[in-house]
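>>> got a structure for you, letters missing:
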């Protein structure tokens, strides 16, 4: 596993832009990486927590956010957050390698993160995540449907080598966390 967090790029910028649409009481960013998402969320939520396998290298997330050295939402209670967000490792790999940047051959990491996020989000909350075009949206939609969530694509960015998309999973309930 890499000892350094992933360096922000196009995916992180698209993800942070999407996160800026949300506000509420409490949020969690799984796989917080360099802390860029935490810095956006800490301006829009009262309680902000981030988890990752490595400690963030940037300091600007520290204002208003807590950080847990943990894998995904493994240490988080059910139904704890209004918003759960993640920009996971999403590159398919044939062999086991660096868990900080590789998603596994069947995108096991993003699927596990999605299941954990759906468990950790409060009723009426939202799960926001980013994937590239290697992911099958129908497969992610099926995972959401198992928990009673619907999935929609919020935004996308076409690069010369891939398309990045930000998705939102929600249950249709009054008082749901909505983009502002």
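Right, received. Where do you want to start? These numbers come from a predicted model, not from an experiment.
>>> I'd like to know how many residues surround the nearest residue to residue 66 once chain neighbours are set aside.
Once flanking residues are discounted, residue 66 sits nearest to residue 49: 4.8 Å by C-beta to C-beta, 6 or more residues apart in numbering. C-beta here means a position set from N, CA and C on the backbone, and glycine is covered the same way. Residue 49: 23 surrounding residues under other C-beta atoms under 10 Å.
>>> Can you tell me the strand partners of the host helix or strand of residue 49 and which way each runs?
Following DSSP states H and E, one finds residue 49 within strand 45-52. Next to strand 45-52 in the sheet, as set by DSSP bridges, lie strand 24-30 (parallel), strand 66-69 (parallel).
>>> can you tell which of the ones you listed is closest to residue 141?
Nearest to residue 141 among the strands paired with strand 45-52 is strand 24-30 (19.6 Å), distances taken as C-beta to C-beta.
>>> Spatially central residue in the chain, please.
residue 86 (0.9 Å; C-alpha atoms, centre = their mean).
>>> Beta-bridge partners for it, please?
Where residue 86 sits in a bridge, its partners, by DSSP bridges, are residue 30, residue 129.
>>> Okay, now the unreliable bits of the chain?
Within the chain, the stretches with pLDDT under 70 are 1-8, 57-63, 91, 93-106, 172-180.
>>> What are the boundaries of the strands in it?
Applying DSSP state E to the chain gives strands spanning 24-30, 45-52, 66-69, 81-86, 121-132, 150-158, 163-170.
>>> hmm, who's touching the fourth one?
Same thing as strand 81-86. 15, 19, 22, 24-31, 37, 41, 45, 49, 72-73, 110, 113, 117-118, 120-122, 124-130, 177 (C-beta atoms under 8 Å, 6 or more residues apart in numbering).
>>> count of neighbours near residue 152?
Burial of residue 152 is recorded as 11 neighbouring residues (other C-beta under 10 Å).
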